[in-house]
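A.B. asks: Predicted model follows, preceded by the sequence.
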Amino acid sequence: MFDIITFGSATWDVFLKPRKYQVAKNKKFITGKGICFNLGSKVDIEDIYFASGGGGTNTAATFSKQGFKTVYYATVGDDISGREIIEELEKLGINTQFILKTKEKPTNHSIVLNIPGQDRTILVYRGASELLCDRDISWENLRKAKWFYLAPLSGKLAKITEKIVNFAHKNEIKIAFNPGNSQLSLPSKILKRILKKVDVLILNQEEASLLTKIPFQKEREIFKKIDEFCPGITIMTKGPKGVVISDGKYFYRAGILDIKVIDRTGTGDSFGSGFVSAFIHSKGSIEKAIQLATANASSCLKEWGAKKGLLKKGSKFKKVKIQKNELKILF
């Protein structure tokens, strides 16, 4: 038996800190700002760091460190980066027997530009991870799992989300679902069918807004809408403002720990997988799940990359204050 199988991308991340750059303000940029370099010249890099990433591998790392028998299911390129990722996962104690290699596309890559005092900018190549299809999956072996964790599946890969969820539901496998934009853009009928079978739904506030078509500032309206078609636990992370969670009966709210942030890569993955880990270990305690999720995410923020700072089972950590209210009072 496997405790949990994770699905999602495997990425080789390259972190760069440019020596010289300019930040330009212009309304043509979506965020109102852009990074500028001299065209046709060499750009000196002050620092460089390499690490594996991707929602599927990041969450698998947390589950393995928390003592679960963990399997990662995905496709990587038949290249150096793909082999490096597999080797790292094996060192973490993650079962890699279902990772497929392909020569059709290289392994996913991300170039993370870290600009001091500014938000990071990421150049993304979505390669081999998008090639996984339902005929590649050894469905019979998946019956051995107790939980599935679906990290964001982008592009064509999003289309197999419903088949994975239906399989889990039919075989009484619990489902944690952290959808990306491609999955949230699936036809409404398909998305609602998926969400009816989800046990833990993990969203950030922008994703919650996209799903419900309600401005993310209107939290109560968002949760009321999601509760109509998702019977499980709904998590909405809010970055530096903490997290809000509904279990259909109670409304939980918690802040963040005061730490020095080094890198934000993988924060959402570390929170979601930390929550599910403690939820399983505690046999359903949302308060304990929030505490580990917050601590795991905070520890991740203190290190470069998405895996180096993840907590091991039994690690001591600071706790946050949790506010709990009955939903009927709020609604």
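C.D. replies: That came through, no problem.
A.B. asks: hmm, who's touching stretch 188-207?
C.D. replies: Identification of contacts with stretch 188-207 by CB atoms under 8 Å, 6 or more residues apart in numbering yields 161-162, 165-166, 168-169, 174-181, 183-184, 186, 211, 216, 226, 229-239, 268, 271-272, 275-276, 279. Backbone N, C-alpha and C define where each C-beta goes, glycine included.
A.B. asks: Any of those buried? List them.
C.D. replies: Among the contacts of stretch 188-207, the ones that count as buried by 16 or more other CB atoms under 10 Å are 161-162, 165, 168-169, 174-180, 183-184, 186, 211, 216, 226, 229-230, 232-238, 268, 271-272, 275-276, 279.
A.B. asks: So which of those are in strands?
C.D. replies: With strands taken from DSSP state E, the overlap with those comprises 174-177, 233-237.
A.B. asks: List just the nearest of those to residue 302.
C.D. replies: Of all those, residue 302 sits closest to residue 237, with 17.8 Å by CB to CB.
A.B. asks: Settle this for me: the closest one is touching residue 268, isn't it.
C.D. replies: Yes - the pair residue 237 / residue 268 is scored as a contact, 6.3 Å apart, by CB atoms under 8 Å.
A.B. asks: Quick check: buried residues in stretch 188-195?
C.D. replies: Neighbour-count burial for stretch 188-195 flags 191, 194-195 (criterion: 16+ other CB under 10 Å).
A.B. asks: swap that for stretch 20-27, please
C.D. replies: Of the residues in stretch 20-27, residue 21 count as buried by neighbour count, 16+ other CB under 10 Å.
A.B. asks: Then stretch 69-78?
C.D. replies: So stretch 69-78, judged by 16+ other CB under 10 Å, has buried residues 69-78.
A.B. asks: In strands, which of those residues appear?
C.D. replies: 70-77.
A.B. asks: Low-confidence ranges, this structure, go.
C.D. replies: Residues of the chain meeting the criterion pLDDT under 70: 117-118, 328-331.
A.B. asks: In a markdown table, list the ones in strands among the buried residues of stretch 69-78 along with distance to residue 262.
C.D. replies: Below are those laid out as a markdown table (distance: CB to CB, whole Å):
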| residue | distance to residue 262 |
| --- | --- |
| 70 | 26 |
| 71 | 30 |
| 72 | 25 |
| 73 | 30 |
| 74 | 27 |
| 75 | 31 |
| 76 | 27 |
| 77 | 29 |
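A.B. asks: tell me the two of those that are most distant?
C.D. replies: Longest span within those, CB to CB: 70 and 77, 22.1 Å.
A.B. asks: give the contact list for residue 181.
C.D. replies: Neighbours of residue 181 in contact, by CB under 8 Å, 6+ apart: 152, 154, 207, 210.
A.B. asks: and which of those is nearest residue 294?
C.D. replies: Nearest member of these to residue 294, counting by CB to CB, is residue 207, at 18.9 Å.
A.B. asks: That closest one is in what secondary structure piece?
C.D. replies: Using DSSP states H and E, residue 207 maps to helix 205-212.
A.B. asks: Now do that helix and strand 233-237, the angle between them.
C.D. replies: 130 degrees (axes from the mean of the first three to the mean of the last three CA atoms, to 10 degrees).
A.B. asks: which residue packs closest to residue 182, ignoring adjacent ones?
C.D. replies: residue 158 (3.8 Å; CB to CB, 6 or more residues apart in numbering).
A.B. asks: Ramachandran angles for the closest residue to residue 159 other than its chain neighbours?
C.D. replies: Nearest residue to residue 159, sequence neighbours excluded (CB to CB, 6+ apart): residue 186, at 7.8 Å. Torsion angles at residue 186 (phi, psi; degrees, to the nearest 10) stand at phi -60, psi 160.
A.B. asks: Same check on residue 281?
C.D. replies: When read as degrees, to the nearest 10, the backbone of residue 281 gives phi -60, psi -40.
A.B. asks: State the number of residues packed around it.
C.D. replies: Neighbour count of residue 281, defined by other CB atoms under 10 Å: 16.
A.B. asks: tell me the contacts of the closest residue to it other than its chain neighbours?
C.D. replies: Among residues not flanking residue 281 along the chain, residue 66 sits closest, at 7.2 Å (CB to CB, 6+ apart). Residues in contact with residue 66 (CB under 8 Å, 6+ apart) are 274, 277, 281, 311-313.
A.B. asks: Would you map the helices across this structure?
C.D. replies: Per DSSP state H, the chain carries helices over the ranges 55-65, 80-91, 139-142, 161-170, 181-184, 188-195, 205-212, 219-229, 267-281, 286-301, 327-330.
A.B. asks: give the contact list for residue 102.
C.D. replies: Residue 102 sits next to 75-78, 128, 131 when contact means CB under 8 Å, 6+ apart.
A.B. asks: Taking these, tell me the two that lie furthest apart.
C.D. replies: Across these, the longest distance by CB to CB is 11.4 Å; it joins 78 and 131.
A.B. asks: my guess is residue 164 meets residue 151, correct?
C.D. replies: No - taking contacts as CB under 8 Å, residue 164 lies outside contact range of residue 151: 11.7 Å.
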